[in-house]
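Student: kindly generate the corresponding structure for this input.
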Amino acid sequence: MGDTLITIVAIALAAVLMFVFPLMTMSDRTDDVSQLAVETATTEFVDDVRTTGKLTMDKYSKFVENISATGNAYDVEMEIKVLDENPGKKTTQAEATKIGENVYYSRYTSQILDDLEPTASAQNKVLALKEGDIFSASVKNTNATLSQQLKNFFYKVSGNDTYTIAAEHAGIVTANGTGK
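Tutor: Residues are numbered from 1 along each chain as shown. As a prediction, this is how the structure comes out:
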């Protein structure tokens with residue numbers, strides 16, 4: 001009887017070692033690949049907007065399509081800090097005789113997407129940014145990946161609010177966009 005119990009435990013342990021740990025390792029590698037893809041796509045998206053000074057619904061849609069290709073669902077948050085130059089003396093940012101401070105006011109994802117939403121009169125709207133504005137994008141996965149599910153099952157490590165795939169990038173706009 002004792003030998004049978006030991007044999008069953010040994011078979012169960014061997015099954016865990018042969019199947020579960022390789023599955024966990026492969027799912028971790030899949031998350032790593034997704035992380036790299038999301039970081040790259042986020043950096044390219046933000047840098048494209050920064051260098052052209054333009055944000056369109058096409059650019060945003062392509063970005064969301066690229067990150068969704070990893071097989072995960074994501075929450076994308078954007079912010080534009082619009083440079084509001086000193087109203088006391090209208091100058092460009094490069095002007096050395098400027099008096100006072102510049103102030104930034106923020107526009108967030110819902111406001112940005114409302115501005116980009118196509119209407120009957122304008123199908124391809126362009127959100128033009130000016131030099132000195134700051135554009136940022138933040139991405140976090142909203143679904144539980146296979147790796148997260150396995151870790152939750154075996155270790156009870158992660159909670160409901162955790163995410164494993166995230167990327168963030170921001171920078172100053174270097175070109176004035178045109179409204180066309």
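
Student: make it CA atoms for all contacts and neighbour counts henceforth
Tutor: Noted.

Student: which strand is the longest one in this structure?
Tutor: With DSSP state E setting the assignment, residue counts place strand 74-84 as the longest strand in the chain.

Student: ok, the helix or strand containing residue 106: who's next to it in the sheet?
Tutor: Mapping residue 106 onto the secondary structure by DSSP states H and E places it in strand 103-108. In the sheet, strand 103-108 lines up against strand 74-84 (antiparallel) (DSSP bridges).

Student: wait, what's in contact with residue 125?
Tutor: Applying CA atoms under 8 Å, 6 or more residues apart in numbering, one finds that residue 125 lies in contact with 56-57, 115-118.

Student: where along the protein do the helices fall?
Tutor: Assigned by DSSP state H, the chain shows helices spanning 2-15, 21-52, 57-68, 109-116, 146-154.

Student: what does the fourth one rub up against?
Tutor: Spelled out, it's helix 109-116. Residues external to helix 109-116 that are found in contact with it (CA under 8 Å, 6+ apart): 56-57, 77-79, 124-127.

Student: how near is residue 24 to residue 69?
Tutor: Noted for residue 24: a distance of 21 Å to residue 69, by CA to CA, to the nearest Å.

Student: ok, back up a step: any chance of the helices of the chain in TSV, plus distance to residue 167?
Tutor: Written out in TSV, the entries for those read as follows (distance: least, CA to CA, whole Å):
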stretch	distance to residue 167
helix 2-15	36
helix 21-52	5
helix 57-68	11
helix 109-116	16
helix 146-154	18
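
Student: highest mean neighbour count out of those helices?
Tutor: Mean neighbours per residue, mean count of other CA atoms under 10 Å, is largest over those for helix 21-52, with a mean of 18.

Student: quick check: angle from it to helix 2-15?
Tutor: An angle of 20 degrees separates the directions of helix 21-52 and helix 2-15 when computed by axes from the mean of the first three to the mean of the last three CA atoms, to 10 degrees.

Student: okay, and for the chain, where does confidence drop off?
Tutor: Within the chain, the ranges that satisfy pLDDT under 70 run 1, 85-101, 156-162, 178-180.
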